[in-house]
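A.B. asks: Give me the fold of what follows.
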Amino acid sequence: MLILSFLILPFLASLILTGIHAYLGVHVVERGVIFVDLALAQIAALGATIAILAGMDPHGGGAYWISLAFTFLGAGIFALVRAHRGRIPLEAFIGITYAVASAAAILAMSKATGETEHLKDMLVGNILAVSRPEVIKTAVLYGAIGLFHYIFRRKFLLISTDPKLAEQSGISIGLWDFLFYASFGFVVTSSVAIAGVLLVFCYLVVPSVGAMLFADRIGPRLAIGWTMGTLVSALGCYFSVWMDLPTGATIVCTFGGVLLLMFLARTFFWRRVPLPVRERETVYQERR
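C.D. replies: Sure thing, here's the model as predicted:
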């Protein structure tokens, strides 16, 4: 009972992360920019590191807004690059951004006291130490962002799945791309402060990839992703306490193990029945 009361806040935080990240992961996977989350998370971590170097509380308001400003800068660059990248793949810019942000964060941390602990927090966070106010604040923020995406879901889905058709329909790719990355930046900045870069990346990509093994339509993919994220969060928290391991790293490894099991089940035990023509048209219409 004592363990349950100890784990309830980290588990609630994990559920909140699952809800918004599994949805955003659908967009990221459809866009083929898998590492954009990792890059933005690293940029947010760089901002937090600069704030620490300036003597701010890593969990204070000043560090949050500096981290958010860095993330918005990265979001603006990605939106601009997507509109004018020419022959150079967006993934190349994302990879370069991640490498430079990581190196800059390491350089900044080399001048800070307790750099080893900061590096560990930046990578896997400390979700076990999340507080009730942090959980409530994160739930409200992610609820508002989720509502924003629900209201404009058709535009966001169209620019993610068929940007050429979106452009022909008169949708400003640059504007809606920036709005997507900016809202994404709010989520990533808050999530990295709670869970660290690696765990945020897993919540974004792994449920979406696992769902794509078994479903084509957006609705079933979201349902599978949310279910997977919830179960893995519960398992990860349980394994962490049972084996006395760091919670964030344990959830990351649990995500990897469950995804491997899903892949094996999909390969050896699951036969995907081709969708009827009407179903395929529905999938296409959903993406429009």
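A.B. asks: Not counting sequence-adjacent ones, nearest residue to residue 23?
C.D. replies: By the measure of CB to CB, 6 or more residues apart in numbering, the closest residue to residue 23 outside its immediate chain neighbours is residue 222, 6.2 Å from it. To be clear about C-beta, it is placed using only N, CA and C from the backbone, and glycine gets the same treatment.
A.B. asks: From residue 14, how far off is the one you found?
C.D. replies: According to CB to CB, to the nearest Å, residue 222 stands 17 Å off from residue 14.
A.B. asks: neighbour count winner among those two?
C.D. replies: Summary of the neighbour comparison: residue 222 and residue 14, criterion other CB atoms under 10 Å, with residue 14 having more neighbours (26 against 19).
A.B. asks: Does that one touch residue 251 like I think?
C.D. replies: Yes. Distance between residue 14 and residue 251: 7.1 Å, which falls inside the contact criterion (CB atoms under 8 Å).
A.B. asks: got any residues that touch both of the two?
C.D. replies: Where contact means CB atoms under 8 Å, 6 or more residues apart in numbering, the residues bridging residue 14 and residue 251 through contact with each are 127, 233, 236-237.
A.B. asks: Check which element follows the top helix by length along the chain along the chain.
C.D. replies: Ranked by residue count, the top helix of the chain under DSSP state H comes out as helix 2-31. Scanning the chain past helix 2-31 towards its C-terminal end, the next helix or strand to appear is helix 36-53 (assignment: DSSP states H and E).
A.B. asks: Need the contact partners of the helix or strand following that next one.
C.D. replies: The first helix or strand that comes after helix 36-53 along the chain, using DSSP H and E, is helix 61-84. For helix 61-84, contacts defined as CB under 8 Å, 6+ apart pick out 33, 36, 39-40, 43-48, 50-52, 56-57, 90, 93-94, 97, 101, 173-174, 177-178, 180-182, 184-186, 188-190, 192-193.
A.B. asks: Ramachandran coordinates for residue 35?
C.D. replies: In this entry, residue 35 is assigned phi and psi values of phi -90, psi 10 (degrees, to the nearest 10).
A.B. asks: didn't it look like it was pressed against residue 93?
C.D. replies: No. Using CB under 8 Å, residue 35 and residue 93 do not qualify as a contacting pair, with a distance of 10.3 Å.
A.B. asks: Mind checking which of the shared contacts of residue 14 and residue 251 land in helices?
C.D. replies: Of the positions in these, 233, 236-237 sit in helices, assigned by DSSP H.
A.B. asks: just for the stretch 51-200 of the chain, where's the confidence low?
C.D. replies: Counting by pLDDT under 70, the stretch 51-200 of the chain contains low-confidence ranges at 58-59, 82-88, 111-125.
A.B. asks: ok, now with 90
C.D. replies: Residue ranges of the stretch 51-200 of the chain with pLDDT under 90: 51-135, 137-138, 153-200.
A.B. asks: centroid residue for this structure?
C.D. replies: residue 204 (3.5 Å; CA atoms, centre = their mean).
A.B. asks: do you know how far that one is from residue 198?
C.D. replies: As defined by CB to CB, residue 204 lies at a distance of 11 Å from residue 198.
A.B. asks: Can you give me every residue that contacts residue 247?
C.D. replies: For residue 247, the contact set (CB under 8 Å, 6+ apart) comprises 10, 126-128, 236-237, 240.
A.B. asks: Between these, which sits nearest residue 20?
C.D. replies: When the contacts of residue 247 are compared for distance to residue 20, the smallest value, 15.2 Å, is given by residue 127; criterion: CB to CB.
A.B. asks: quick one: residue 21 and residue 190 touch, right?
C.D. replies: No. In this structure, residue 21 is not within contact of residue 190 by CB under 8 Å, at 11.1 Å.
A.B. asks: So between those two, which is more surrounded?
C.D. replies: Comparing residue 21 with residue 190 by neighbour count (other CB under 10 Å), the higher total belongs to residue 21, at 30 against 25.
A.B. asks: sorry, back to before: for ChimeraX, write the selection for the buried entries among the contacts of helix 61-84.
C.D. replies: Entered in ChimeraX, the line below selects the buried ones among the contacts of helix 61-84, by 16 or more other CB atoms under 10 Å:
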select :33,36,39,40,43,44,45,46,47,48,50,51,52,56,90,93,94,97,101,173,177,178,180,181,182,184,185,186,188,189,190,192,193
